[in-house]
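Student: here is my input, please return the structure:
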Amino acid sequence: MPQPPFFNRQALHLRPDPSRVVVRPFRPAIEPRDYNPVDKTRADHIVDRVLALDEDEVAALLRATLHNFDDRHHNLPETFEQRAKEMEATFSDHASFSPAQRQLIGAYFLHEYSFEAAALFNPSIVPHPCQTGVKPGCVRVVLSLRAVGEGHISSLTFRSGTVAADGALDIDPPARLSRLPAVTARVGDRIDVSFTPDSSLSERVIFPITEAQANGIEDARFVAFQEKGETTYYATYTAYSGNSIRSELLETTDFVSFRLIPLKGAAASNKGMALFPRKIGGRYAMIARHDNESLHLIYSDDLHEWSLGTPILKPRYPWEFIQIGNCGSPIELDEGWLLFTHGVGPVRHYSIGAVLLDKTYPARVIGRSQVPLVQPEKSEREGYVPNVVYSCGAMRFGDLIVLPYAISDTFSTFATMQATVLVDLLKKGLEE
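Tutor: Sure, this is the predicted structure:
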């Protein structure tokens, strides 16, 4: 199955960098009840040991800790103090603390986490909300990526870049330091988080916050949603608790402040949901997969509640016999809705194809690729999960389609293709 001649792979790879770290809460396990006659927890023991140090020892240890880690994180004293504040329930059984003791104790209940040590993959791409200063004929973009570190915990990270008129991509180097957002509100299952406005996009990491997300925020499919002349960026993603999954929705207008909320309805218990970039017939529309092998079209009057939909695409060709899924939100073209898909074939071999859906009635398939557009190259099949190519969202730029995709669940790369040529190929594929 040769690669189509119009498919232009970029000589650009985004690889995981283990030096990029954040600090996360360290929560010592509670000791067995027969360990201590007063049933003190490990946290109590750690606090007692710090309080046993004299003032000079506390000051010296705090200075040494800051010296050792300060060049790896933003404003560590404030981070230590914030962690101490979160530990108030534990501290209530102890004496009062000096500011230095509080910061030092806060440090004992944190640990560094290399959030992309294992993989940086499953990207999606949308136009940047700010195009100020961009050269004529170019577009600034936001790239979202799934980062995986120790324990296969997934988080959401970002890059910025520019696409030139000829399709050449330039991705900005990531910031040296990274940061987590502050939680600004919790209303039921809804969580609002925010980064400082002066932080760069590539510094921002959205790490699992709730129990439902404990083991991962996975495969965010971003889309620039248009309604009443306004653009809101939505991302459907999979929240993984370690035992169960559910689909959730992220919302932002500026990539500084974000709202995360679980989706409701029968469809939300599955993964791989992708929102259309505008309403169709006055209703929200979503591509989803309910049966583990086929794609369905769902309509809803409520952005946050989705029932089951209508099957529109089932496995047909050998490279997708096991299952098919979407590779991000549909892209609106004059000819119809372009939807990239992934297919799974023999030996769990993932490939990327595409279909064209009718613009007014997207349940009607009007074009389909008979062979993959991209599949794992023999030289790139090794990685965290071998034999996989996967994307969470492409973008139209003029007559170009910009497709970021991941290789072997390890690193990400890019390709461009002519939209008109692709449409012709898809229509021809359905006719044959």
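Student: the domain parsing of the protein - what is it?
Tutor: As given by automatic domain parsing, the domain ranges for the chain are 8-20+115-431, 21-112.
Student: start and end of the shortest one, how far apart?
Tutor: Translated: domain 21-112. End-to-end distance of domain 21-112: 6 Å, with C-alpha to C-alpha, to the nearest Å as the criterion.
Student: hang on, the earlier thing: okay, the domains of the chain in a markdown table with mean pLDDT next?
Tutor: Output for the domains of the chain, formatted as a markdown table (pLDDT from 0 to 100):
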| stretch | mean pLDDT |
| --- | --- |
| domain 8-20+115-431 | 95 |
| domain 21-112 | 85 |
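Student: deepest-packed of those, please.
Tutor: domain 8-20+115-431 (a mean of 19; mean count of other C-beta atoms under 10 Å). Yep, even glycine has a C-beta here, placed from its N, CA and C like the rest.
Student: how long is it from one end to the other?
Tutor: Domain 8-20+115-431 end-to-end distance (C-alpha to C-alpha) = 25 Å.
Student: need the three-state assignment for residue 225.
Tutor: When classified by DSSP: H, G, I helix; E, B strand; the rest coil, residue 225 comes out as strand.
Student: quick check: bridge partners of it?
Tutor: Judged by DSSP bridges, the bridge partners of residue 225 are residue 232.
Student: might you report the residue contacts of it?
Tutor: Taking C-beta atoms under 8 Å, 6 or more residues apart in numbering, we find residue 225 in contact with 231-234, 275, 277-278.
Student: now do residue 66
Tutor: 76-77.
Student: and it, that one's in a strand?
Tutor: No. With three-state DSSP as the criterion, residue 66 is assigned helix and is not in a strand.
Student: and it, how far from residue 60?
Tutor: Residue 66 sits at a distance of 11 Å from residue 60 (criterion: C-beta to C-beta, to the nearest Å).
Student: residues touching the nearest residue to residue 231 once chain neighbours are set aside, list them.
Tutor: Once flanking residues are discounted, residue 231 sits nearest to residue 224: 5.3 Å by C-beta to C-beta, 6 or more residues apart in numbering. Listed by C-beta under 8 Å, 6+ apart, the contact set of residue 224 reads 126-127, 231-233, 277.
Student: let's go with 6 Å and repeat that
Tutor: With contact set as C-beta atoms under 6 Å, 6 or more residues apart in numbering, residue 224 has these partners: 126-127, 231, 233.
Student: tabulate these in CSV, adding columns for distance to residue 101.
Tutor: Listed next are the contacts of residue 224 as CSV, based on distance: C-beta to C-beta, whole Å:
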residue, distance to residue 101
126, 46
127, 49
231, 48
233, 43
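Student: so residue 417 bridges to which residues?
Tutor: In this structure, residue 417 bridges to residue 401 when assessed by DSSP bridges.
Student: quick one: it and residue 401 touch, right?
Tutor: Yes. If you go by C-beta atoms under 6 Å, residue 417 and residue 401 touch, sitting 5.1 Å apart.
Student: circling back: which of the contacts of residue 224 sits closest to residue 42?
Tutor: Using C-beta to C-beta, residue 233 is the member of the contacts of residue 224 that sits closest to residue 42, with 42.0 Å.
Student: what's the spacing between the closest one and residue 255?
Tutor: Residue 233 is 7 Å from residue 255, where distance means C-beta to C-beta.
Student: check residue 136 too.
Tutor: According to C-beta to C-beta, residue 136 and residue 255 sit 24 Å apart.
Student: contacting residues for residue 149?
Tutor: So residue 149 contacts 113-115, 117-118 (C-beta under 6 Å, 6+ apart).
Student: just put the residues you listed in CSV and tack on distance to residue 316 and secondary structure.
Tutor: CSV is the format used below for these (distance: C-beta to C-beta, whole Å; DSSP: H, G, I helix; E, B strand; the rest coil):
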residue, distance to residue 316, secondary structure
113, 43, strand
114, 42, strand
115, 39, coil
117, 39, coil
118, 34, coil
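Student: check these and tell me the two furthest apart.
Tutor: By the measure C-beta to C-beta, these have their two most distant members at 113 and 118, which lie 11.6 Å apart.
Student: just give the closest residue to residue 204, not the sequence neighbours.
Tutor: Leaving aside its sequence neighbours, residue 204 sits nearest to residue 195 (C-beta to C-beta, 6+ apart; 5.0 Å).
Student: close enough to count as contact, that neighbour and residue 183?
Tutor: No. Checked against C-beta under 6 Å, the pair residue 195 and residue 183 is beyond contact range at 11.5 Å.
Student: and the helices in the stretch 301-432 of the chain?
Tutor: With DSSP state H, counting those that start in this stretch, the ranges of helices along the stretch 301-432 of the chain come out as 419-431.
Student: do a quick rundown of the strands in it.
Tutor: For the stretch 301-432 of the chain, the strands defined by DSSP state E, counting those that start in this stretch cover 310-313, 323-326, 331-333, 336-345, 349-357, 365-368, 389-390, 395-397, 400-407, 411-418.
Student: repeat that for the stretch 101-250 of the chain.
Tutor: Along the stretch 101-250 of the chain, the segments classed as strands by DSSP E, counting those that start in this stretch run 110-114, 119-127, 139-148, 154-163, 169-171, 182-187, 190-194, 205-206, 216-227, 230-240, 245-252.
Student: okay if I get those as a markdown table plus distance to residue 336?
Tutor: Listed next are these as a markdown table, based on distance: least, C-beta to C-beta, whole Å:
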| stretch | distance to residue 336 |
| --- | --- |
| strand 110-114 | 43 |
| strand 119-127 | 20 |
| strand 139-148 | 23 |
| strand 154-163 | 23 |
| strand 169-171 | 26 |
| strand 182-187 | 39 |
| strand 190-194 | 35 |
| strand 205-206 | 33 |
| strand 216-227 | 17 |
| strand 230-240 | 21 |
| strand 245-252 | 25 |
